[in-house]
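# how would this look folded up:
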Amino acid sequence: MEEKIHDIAIIGGGFSGLNLALKLSRDLNKKIILIEKDPNLGGLASTFTFKSFRLEKYYHHWFTGDIEILNLINELGLEKYLIQKPSNTGVFYANSTYRLSSPLDLLRFKPLSFFGRIRLGIGFIYTSFLRNTDDIENQTAEKWLIKIFGNEVFSKVWLPLLKGKFGDDYKNLSAIWMWKKLGLRGSSRSKDGRENLIYFNGSFEILTKKLQEQLEINNGEILQNSQVNSIEKTKHGFKINADQYKSIDAKEIIFTTAPAITAELAKNIIKRDIYDQLNRVKYLGNVCIILFLEKSLSDYYWLNVNDPNFPFVGVIEHTNFDKTLKNHFGNIVYLSRYCSKDDIYFNMNDKELISVCKESLSKMFSDFDNNKIKDHFVWKSDYSQPFMEVGYKNIIPPDVLSSDGVFQTSMANIYPEDRGTNYAVKYTNEFLKKYYDKKD
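Numbering: from 1, shown residues only. From the prediction side, this is the model:
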């Protein structure tokens, strides 16, 4: 019996892998097999079941300028599930909470002097129009932010957020990352200055299931809960050894995993310099705690925490954006901490983390002690976001790992954009045009 040989094996079932698999099988008639080590597809946008409903493990939303993912949703006929609403955002600073949802809120932000508030507003406008970034390519975020916003705004607004997310590594963070972050949020604002966000009614599970369904319609295969253990070169291409399967044969391989994972899996089929380049990219991990509360904490959807003593960089009350979820879950709060894998919080058990949550939230919300935590979940990711250091452009991993058909694409490649499902789709669309649309 002739062995089945796939045209392309895609390793990693996040949105990069799913988009590649769909379009290679549907548009280019390739025989595709997608291999995912986790039970669920979607990567960092995957979901879990609670009370018979699906919910994202890590908080997610889209901006109105996220055209690539919105086009994909329309293409799949799922636009009816989109929910678009103005967000209600704020900041916790010096033991007080301030609303920052509109330009008027900015003028009322008392921690800044009047001149500081004006400079913050002008800085936002300036960054939204900035297009030529050659001058800031090799600048630190700190230097650039001080130049644009001044020392007062930097010390009270930006420094606590940068320290909260990156720790002392913020000193080597590229200005490009900060510029894109500010520009992304600015592109999602309506004429009145309010930020509009988009969520997917019914959770991202509907989208990932649709992508899976379309891939299978086009004769693509998906292996879930299957860890790749080794890859060997063969005369026909490559032999992939994975859990539950003796071997999978493919002519080409596309990795969509974090570069360090790709390096380890591909070490027998790539050269040493490529292996080293993949390992050059530094990633942040993430600890995300989901609390199901009896009572709402506030009316904010997104509360940035500008307090270095608070272990989480944001308090995201998901049910303040999509209130229909309260009927199923009660009040849903996400607490997020970006950190390295050796961080003290990353290595805490669930009981210890919940204790930290209670202590921290009690300091922020005066009546939290009377609020019952009905349930909770803790999720951890080793590879949550690549760290865009100064000069990052020079260390971006190559798309082509080997000329005999080994490729990779990941969050580390979407520079200068920030991570997210929109840019996973955007970059993989560009990847397809570059490497496959012109092939016979």
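
# Quick one: name whatever helix or strand follows whichever strand or helix holds Arg117.
If you go by DSSP states H and E, Arg117 is part of helix 114-129. The helix or strand immediately downstream of helix 114-129 is helix 141-153, counting by DSSP H and E.

# Please name every helix or strand in contact with that following helix.
helix 114-129, helix 159-166, helix 175-186 (3 or more CB pairs under 8 Å, 6 or more residues apart in numbering; DSSP states H and E). For glycine as for every other residue, the C-beta is placed from the backbone atoms N, C-alpha and C.

# would CSV of these with mean pLDDT, distance to Met364 and mean neighbour count be doable?
As requested, the helices and strands packed on helix 141-153 are exported to CSV (pLDDT from 0 to 100; distance: least, CB to CB, whole Å; neighbours: other CB atoms under 10 Å):
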stretch, mean pLDDT, distance to Met364, mean neighbour count
helix 114-129, 89, 23, 15
helix 159-166, 90, 14, 20
helix 175-186, 79, 23, 20
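
# Please give the number of neighbouring residues around Arg108.
11 (other CB atoms under 10 Å).

# one step back: could you point out which of the helices and strands packed on helix 141-153 sits nearest Ser298?
Of all those, it is helix 159-166 that lies closest to Ser298, at 18.8 Å by CB to CB.

# re the thing from before, residues in contact with the helix holding Arg117: which ones?
Residues outside helix 114-129 that contact it (CB atoms under 8 Å, 6 or more residues apart in numbering) are 103, 106-107, 109, 112, 148-150, 152-153, 156-157, 179, 182-183, 186-187.

# Reformat the helices and strands packed on helix 141-153 into CSV and put distance to Trp302 next to each item.
Below are these laid out as CSV (distance: least, CB to CB, whole Å):
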stretch, distance to Trp302
helix 114-129, 16
helix 159-166, 12
helix 175-186, 11
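
# Would you tell me which of those helices gets closest to Leu22?
Closest to Leu22 of the helices and strands packed on helix 141-153 is helix 175-186 (CB to CB; 25.0 Å).

# What strands line up against the next helix or strand after the closest one, and which way round?
Later in the chain than helix 175-186, the nearest helix or strand by DSSP H and E is strand 196-200. Its sheet considered, strand 196-200 pairs with strand 62-63 (antiparallel), strand 82-86 (antiparallel) by DSSP bridges.

# Please point out which parts of the next helix-or-strand element following strand 196-200 sit buried.
Next helix or strand after strand 196-200 toward the C-terminus (DSSP H and E): helix 205-217. Buried residues in helix 205-217, counted by 16 or more other CB atoms under 10 Å: 205-208, 210-212, 214-215.

# Each with direction, which strands does the helix or strand that helix 205-217 is followed by pair with?
Remark: after helix 205-217, the chain's next helix or strand is strand 221-223, criterion DSSP H and E. Here strand 221-223 has these sheet partners by DSSP bridges: strand 32-35 (parallel).
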